[in-house]
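Undergrad: give me the fold of what follows.
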Amino acid sequence: MPLRHSPAPERPLRRLPAKVAVFVLLALAVRAGVVGWGSLDQTRGFFRDVVEEALAGSLARTAERLDAGLAAALREVEQSAADPILRAVAGRDAAGRAVPRSALHTALARAGGEGGSLDALWLVGPDGAVRASHGPPPYPREFGRGLLAPGLHAVRHDGRSHALAVAPVARSDDGVGAWLVGRIDERVFLRALPPDSLPGVGRGYVLDADGVILFAGATEPATDASLPLESLPGAGPFEYRAADGSARLASLQPLGHLGWHVAVVAQLDRGFQPVLPVLWRILLLDSVIVLLLAALAYRLTDRIVRPVWSLWHGARRIADGDRAVEVPEPPGHDEIGELTRTFNAMARTLSDDQVEIEAAQRQLRTQNQALQAANEVLAQLSITDGLTKLHNHRFFQDHLTRELKRVGRSGEPLAMLLIDIDDFKRLNDRYGHSTGDAILVRLGQVMNANVRENDLLARYGGEEFVVLASTDLEGAIALAEKLRLAVLETPILVDEALRLTHVSISIGVALYRGDRKAFFLATDRALYRAKAEGKNCVVADGESDQPDGLAMLPG
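TA: The predicted structure is shown next:
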């Protein structure tokens with residue numbers, strides 16, 4: 001049946017055009033992402049270089065201003081220590097004379113005048129005890145001897161770090177009578193720190209030895225309480241993450257002999273933020289281009305795949321058994337058109353061949369059925385005695401092997417009855433072999449009618465039969481006696497004169513005791529004893545008062 005149009009795809013997303021479009025979309029998206037990421041990284045690197053250069057200049061200027069302010073504060077203390085009034089006061093104190101407290105306050109007030117770099121002054125004795133002070137509290141009661149040395153020192157008092165300038169107050173005899181300690185005003189640091197070290201993104205800090213921020217020059221409150229000095233060695237700018245997770249770039253250097261540092265820190269994220277809208281617009285434009293190219297790839301691939309889809313649908317119908325299939329041929333002589341014409345020719349040839357194949361298959365099925373029936377007959381003949389139609393010796397041996405395995409697992413009893421026709425040779429000689437064969441057939445029928453369904457009766461060979469029964473010795477003896485009587489009571493036609501005769505059998509019975517060979521020997525020994533005892537009887541191999549452990553049932 002000709003296909004008039006291409007069938008609509010059942011799952012459009014699984015078709016080749018969709019896969020090609022997705023591939024193009026992913027490829028272009030990855031390329032746009034790589035280019036965008038590279039641009040972002042390059043722009044960020046350029047911005048970092050600019051910030052590093054600005055940090056170095058800002059740090060140098062800030063450190064220069066702070067050093068100048070600290071030096072001015074130290075000179076102010078040294079000049080105040082040389083004041084004649086303080087020297088005179090120190091001299092009187094060293095001589096052991098009482099110094100009026102008013103004179104001390106007057107001398108300190110004179111030294112720490114308005115507009116200086118100090119916000120507090122202490123006159124400290126050689127033992128570190130504070131003799132007098134001037135300026136706002138807090139006031140320490142004494143200073144450690146390690147601080148009583150000329151120069152700049154850093155101390156912690158009342159939970160804060162302070163910068164001190166220390167100078168000796170000489171006596172008139174040129175000895176050190178006292179020390180003048182000045183606390184440097186925080187305005188010295190704030191004047192040296194600009195409100196915004198880097199416009200919009202950076203600020204300057206003064207840190208103590210633990211990295212705690214003491215002073216910050218910023219137009220807004222500082223978001224950090226300290227800086228990680230262990231991550232910021234003393235040379236070059238270093239990037240770190242602040243407590244809020246933002247990226248920071250810092251540069252620092254030691255501040256005098258205080259053990260403090262001056263640092264300039266720039267917020268990279270804030271400085272880079274104006275660039276992000278531009279990058280987002282570029283990414284949006286790339287996304288639109290990617291989508292347009294993916295849609296174009298879908299349309300082009302769909303125009304190519306449509307004829308292929310028709311070919312697939314035709315092949316599927318052929319696979320479903322529809323032999324009269326013809327795909328519409330597209331115009332032109334391109335690869336798809338030639339493929340379509342070849343497909344139609346193949347479909348016509350396949351239709352013709354299919355008729356021949358079906359005829360051959362019908363003939364083959366008929367022959368296979370006949371062969372199977374013949375094989376079944378052969379299989380049955382291979383395990384059946386051709387005369388008596390009972391199971392033969394071969395089948396008995398195979399069945400015995402299976403039964404021995406079964407009773408070995410289950411522990412059930414298994415008995416064997418070996419049967420022999422009495423005086424069979426004499427019957428053959430008297431009536432002929434045809435009569436002997438008739439006797440074998442008739443006795444097989446009689447015994448087969450008297451065994452149980454789960455017992456196996458087989459022709460063992462010649463005039464001997466064997467029965468394999470799943471029963472104990474007592475049940476086997478009863479079965480043997482039943483068979484003996486059934487045979488004895490059955491008249492058998494022996495010649496054309498319609499004369500009848502009776503035939504007797506001797507039976508040996510044994511129970512399986514774990515040894516296959518011993519099983520056969522015991523049964524054969526019991527049959528031999530039955531023959532020796534006068535025939536037409538049942539003899540069992542077992543525990544009894546008979547010789548050799550045989551039990552006999554006379555006929």
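Undergrad: how far out from the middle of the chain is the longest helix anywhere in the chain?
TA: If you go by DSSP state H, the chain has its longest helix at helix 16-81. On the basis of CA atoms, centre = their mean, to the nearest Å, helix 16-81 sits 40 Å off its chain's mean C-alpha point.
Undergrad: next: stretch 422-429.
TA: 84 Å.
Undergrad: and if you look at stretch 450-462?
TA: Centre-to-centre, stretch 450-462 and its host chain are 64 Å apart (CA atoms, centre = their mean).
Undergrad: check which residues of that stretch are buried.
TA: Using 16 or more other CB atoms under 10 Å as the test for burial, stretch 450-462 gives 450-451, 455-460. For glycine as for every other residue, the C-beta is placed from the backbone atoms N, C-alpha and C.
Undergrad: over to stretch 251-259?
TA: Buried residues in stretch 251-259, counted by 16+ other CB under 10 Å: 251-252, 255-256, 258.
Undergrad: so which of the buried residues of stretch 450-462 sit within helices?
TA: residue 450.
Undergrad: contacts only, for the nearest residue to residue 206 once chain neighbours are set aside.
TA: In this structure, residue 206 finds its nearest non-sequential neighbour in residue 215, 4.2 Å apart by CB to CB, 6 or more residues apart in numbering. By CB atoms under 8 Å, 6 or more residues apart in numbering, the contact list for residue 215 reads 186, 189-190, 193, 205-206.
Undergrad: before we move on, what about residue 508?
TA: Counting by CB under 8 Å, 6+ apart, residue 508 makes contact with 417-418, 523-530, 539-541.
Undergrad: how about JSON lines for those, with distance to residue 348, pLDDT and neighbour count added?
TA: Shown next, in JSON lines, are the contacts of residue 508 (distance: CB to CB, whole Å; pLDDT from 0 to 100; neighbours: other CB atoms under 10 Å):
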{"residue": "417", "distance to residue 348": "72", "pLDDT": "97", "neighbour count": "28"}
{"residue": "418", "distance to residue 348": "73", "pLDDT": "97", "neighbour count": "24"}
{"residue": "523", "distance to residue 348": "74", "pLDDT": "96", "neighbour count": "23"}
{"residue": "524", "distance to residue 348": "76", "pLDDT": "95", "neighbour count": "16"}
{"residue": "525", "distance to residue 348": "80", "pLDDT": "95", "neighbour count": "18"}
{"residue": "526", "distance to residue 348": "79", "pLDDT": "96", "neighbour count": "28"}
{"residue": "527", "distance to residue 348": "77", "pLDDT": "96", "neighbour count": "23"}
{"residue": "528", "distance to residue 348": "81", "pLDDT": "95", "neighbour count": "16"}
{"residue": "529", "distance to residue 348": "84", "pLDDT": "95", "neighbour count": "21"}
{"residue": "530", "distance to residue 348": "81", "pLDDT": "95", "neighbour count": "31"}
{"residue": "539", "distance to residue 348": "82", "pLDDT": "96", "neighbour count": "28"}
{"residue": "540", "distance to residue 348": "81", "pLDDT": "95", "neighbour count": "29"}
{"residue": "541", "distance to residue 348": "80", "pLDDT": "89", "neighbour count": "28"}
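Undergrad: Serialize those residues to TSV and add fields for distance to residue 298 and secondary structure.
TA: What follows is the contacts of residue 508, written out as TSV (distance: CB to CB, whole Å; DSSP: H, G, I helix; E, B strand; the rest coil):
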residue	distance to residue 298	secondary structure
417	86	strand
418	87	strand
523	87	helix
524	89	helix
525	93	helix
526	92	helix
527	92	helix
528	95	helix
529	97	helix
530	96	helix
539	96	strand
540	92	strand
541	91	strand
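Undergrad: please, where are all the helices along this protein?
TA: Counting by DSSP H, the helices of the chain are 16-81, 84-94, 101-111, 186-192, 268-272, 276-319, 335-382, 393-410, 424-431, 433-450, 473-488, 516-532.
Undergrad: is it possible to get a markdown table of the ones you listed that adds distance to residue 162?
TA: As requested, the helices of the chain are exported to a markdown table (distance: least, CB to CB, whole Å):
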| stretch | distance to residue 162 |
| --- | --- |
| helix 16-81 | 12 |
| helix 84-94 | 22 |
| helix 101-111 | 17 |
| helix 186-192 | 9 |
| helix 268-272 | 32 |
| helix 276-319 | 43 |
| helix 335-382 | 90 |
| helix 393-410 | 99 |
| helix 424-431 | 137 |
| helix 433-450 | 125 |
| helix 473-488 | 117 |
| helix 516-532 | 111 |
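Undergrad: among those helices, which is nearest residue 165?
TA: Nearest to residue 165 among the helices of the chain is helix 16-81 (4.1 Å), distances taken as CB to CB.
Undergrad: now the closest one: mean pLDDT?
TA: What helix 16-81 shows for mean pLDDT is 76.
Undergrad: let me know the angle separating that helix from helix 276-319.
TA: Using axes from the mean of the first three to the mean of the last three CA atoms, to 10 degrees, the direction of helix 16-81 lies 160 degrees away from that of helix 276-319.
Undergrad: which residues does residue 395 contact?
TA: Going by CB under 8 Å, 6+ apart, residue 395 touches 383-384, 458.
Undergrad: what confidence value was assigned to it?
TA: Residue 395 carries a pLDDT value of 94.
Undergrad: tell me how far it lies from residue 385.
TA: 9 Å (CB to CB, to the nearest Å).
Undergrad: over to residue 433?
TA: 16 Å.
Undergrad: what sits against residue 338?
TA: Residues near residue 338 by CB under 8 Å, 6+ apart: none.
Undergrad: er, residue 416 actually
TA: Contact analysis of residue 416 by CB under 8 Å, 6+ apart lists 466-469, 476, 509-510, 512, 519-520, 523.
Undergrad: what's the closest of these to residue 66?
TA: Of those, the one sitting nearest to residue 66 (CB to CB) turns out to be residue 512, at 113.0 Å.
Undergrad: residue 406 is in contact with that closest one, correct?
TA: No: using CB atoms under 8 Å, residue 512 makes no contact with residue 406, being 11.0 Å away.
Undergrad: neighbour count winner among those two?
TA: residue 512 (21 against 12; other CB atoms under 10 Å).
Undergrad: which residue sits closest to the more buried one, ignoring its sequence neighbours?
TA: Distances taken as CB to CB, 6+ apart place residue 414 nearest to residue 512, at 4.2 Å, with adjacent residues excluded.
Undergrad: can you count the residues close to residue 431?
TA: 17.
Undergrad: equivalent analysis for residue 289, please.
TA: Counted with other CB under 10 Å, residues neighbouring residue 289 total 12.
Undergrad: try residue 490
TA: With other CB under 10 Å as criterion, residue 490 counts 16.
Undergrad: phi and psi next, for it.
TA: The phi/psi pair for residue 490 (degrees, to the nearest 10) reads phi -100, psi 120.
Undergrad: quick check: it touching residue 447?
TA: No: using CB under 8 Å, residue 490 is not in contact with residue 447, being 9.8 Å away.
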